[in-house]
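*Asks:* have a look at this fold, sequence not included:
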DNA sequence: CCTTTACGGATACTATATATCCGAAATAGA
DNA sequence: TCTATTTCGGATATATAGTATCCGTAAAGG
Ligand code: SF4
Ligand code: SF4
C-alpha cells in the first residue's frame, strides 16, 4: 500500500502544537495523546523519534514533558517526516540484473558498476518528494493554522492545555 | 518502511524487455520470470496488473504470452508503477481533528469542512513524486538501456529469449 | 485430444506496522 | 528523604500488509 505510518500525522500535529506554545512551556506525551485522541504509549515512540532528531526536547519529572528544541522556522516537514519514518528510499533495488541467466560473471560485474536507468528515475522521484517537503517549514504550518482555525477554537484549545500542564 | 513492492521493480524490467521486442512477438510469464530470476507465480500477478491497466496484453495458448498493448512512448513510469502498486496517496489522513476533546460537534464540522494545511502539503509532495514519474516514458528507458548496456550483452539476451519463445 | 498459456480466487507464510508493557533514570515537590 | 511524575529504551504481543504458492477455469495452438 506504500503508506506512511500514522505516527507521521501525529508527529506533525504535535509539532504544530508545541511550536505555538509560549516560551519555556512543556507538554507531556500523555496530554498530547489525549488532545489528539491517540494511544499514549505509541505516540510516545514518535515523540522519542523527534527528540532523537533534535527537533523536540523532552524534560523529565513532574512539570516535565516536551518542548521545541529548534525554532519552528528552522524545522521542515521533511525533518519531521524523516524523524519518525526513516530516510530510506521508497524504491528498493534488488539488483535484479545480477540474477540474469544469460550473463557471465564478468558481464554482471560490468553492468553492476554502471548507473541503472530504472533506479535513477525512481530515486529522482523520491528526491522530488523530499524537495517539496523540505520547502515547507513548521512555521508555515503554524501560520496556516492561525489563519484557518477560528480563533475561538484556538483559545479553547489553549485553555484546555493550560488546564493540565 | 514506506517501500514500493518488489513487483514494481519487476514490472519495470519486464516492460523494458517487452518494449524492445520485435512486432508481434510474445513472451510468457514463465520466461520473463526465469530471465529475471524471480518467482514465476508472483510475477504473474504483477503482469496481470499491467494487463488490467491496458499496458500489456496477454494472449492465451501455446506460443502465447505477453506483448505491449501500447506504444512505449505512450507509457510513463507512473502508469507502470500505479498499475501494480495502486493509486493511493502515501499520506493517509485519519481526521485527527475530529477527535479533539476541546471542540463542540459544530466546531468539528466547521473545521472538517476547511482544507487542511498538513494534508495539503503531504498530498502536494505525492503529486510532485507522481509528476516526476509521469515525465519519464518507457521509450526513454528502452533508449537508456540501449546506450548503457553493452551490445554483446543485449544480443545474448535476445538470443536467450528467442531460444525459448 | 493434449499441451500450453493467461486469468482469478483461495490459501499459507513472512515482514512490518500498530499497540502495550515494563524497568530504569531523572526531577520536582511534599 | 520520600513520593509522584516524566522521558527513555527495550521487550513483547497483535493486526495488517507484503510475499509466495496452489488450484481450477477458459482459451488457443499443434
Ligand atoms: S537494473 Fe536497476 S532497478 Fe533493476 S536491479 Fe539493477 S539497479 Fe535495480
Ligand atoms: S488536520 Fe489535516 S492531517 Fe490532521 S487529521 Fe485533519 S485533515 Fe488529517
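*Replies:* Perfect, thanks for sending it. All values reported here derive from a predicted model rather than from experimental measurement. Ligands and ions are numbered 1, 2, ... in the order given.
*Asks:* can you tell me the residue of chain A closest to DNA strand D?
*Replies:* Across chain A, the shortest distance to DNA strand D (Cβ to the nearest atom of the strand) belongs to residue A:58, at 2.6 Å. Backbone N, C-alpha and C define where each C-beta goes, glycine included.
*Asks:* mind checking what secondary structure the closest residue to residue A:25 other than its chain neighbours has?
*Replies:* Spatial nearest neighbour of residue A:25, chain neighbours left out: residue A:67 (6.6 Å); criterion: Cβ to Cβ, 6 or more residues apart in numbering or on different chains. Secondary structure, DSSP: H, G, I helix; E, B strand; the rest coil: residue A:67 is strand.
*Asks:* could you check the pLDDT of the residue sitting nearest the centre point of chain A?
*Replies:* In chain A, the residue lying closest to the centroid (Cα atoms, centre = their mean) is residue A:81, at 2.0 Å. Model confidence at residue A:81, expressed as pLDDT, equals 98.
*Asks:* that one contacts residue A:136, correct?
*Replies:* No. The criterion here is Cβ atoms under 8 Å, and residue A:81 misses it with residue A:136 at 10.5 Å.
*Asks:* where along chain A do the helices fall?
*Replies:* Along chain A, counting by DSSP state H, helices occupy A:6-19, A:29-36, A:40-52, A:77-85, A:105-113, A:117-134, A:138-148, A:151-163.
*Asks:* I'd like the ones you listed as TSV, with distance to residue B:41 appended.
*Replies:* Converted to TSV, the helices of chain A look like this (distance: least, Cβ to Cβ, whole Å):
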stretch	distance to residue B:41
helix A:6-19	33
helix A:29-36	43
helix A:40-52	37
helix A:77-85	32
helix A:105-113	26
helix A:117-134	23
helix A:138-148	46
helix A:151-163	53
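*Asks:* out of the ones you listed, which gets the lowest mean score?
*Replies:* Sorting those by mean pLDDT places helix A:105-113 lowest, at a mean of 71.
*Asks:* is any residue of stretch A:53-70 near DNA strand C?
*Replies:* Yes. Using Cβ under 7 Å from any atom of the strand, stretch A:53-70 reaches DNA strand C at A:59, A:60, A:61, A:62, A:63, A:64.
*Asks:* can you list contacts of that stretch?
*Replies:* The contact list for stretch A:53-70, computed with Cβ atoms under 8 Å, 6 or more residues apart in numbering or on different chains, reads A:14-15, A:18-19, A:21, A:24-29, A:31-32, A:47-48, A:50-51, A:75, A:79-80, A:82-83, A:165.
*Asks:* can you narrow those residues to ones near ligand 2?
*Replies:* Contacts with ligand 2 within the contacts of stretch A:53-70, as defined by Cβ under 6 Å from any ligand atom: none are present.
*Asks:* mind checking which of those are buried?
*Replies:* In the contacts of stretch A:53-70, burial by neighbour count holds for A:14-15, A:18-19, A:21, A:26-29, A:31-32, A:47-48, A:50, A:75, A:79-80, A:82-83, counting by 16 or more other Cβ atoms under 10 Å in any protein chain shown.
*Asks:* coming back round to it: the residue nearest to residue A:25: neighbour count?
*Replies:* By other Cβ atoms under 10 Å in any protein chain shown, 17 other residues sit near residue A:67.
*Asks:* who does it bridge with?
*Replies:* Here residue A:67 shows beta-bridge partners residue A:57, assigned using DSSP bridges.
*Asks:* those residues of chain A touching ligand 2, which are they?
*Replies:* A:9, A:13.
*Asks:* near DNA strand C, which residues of chain A?
*Replies:* Residues of chain A that fall close to DNA strand C, judged by Cβ under 7 Å from any atom of the strand: A:3, A:5-7, A:38-42, A:44-45, A:59-64.
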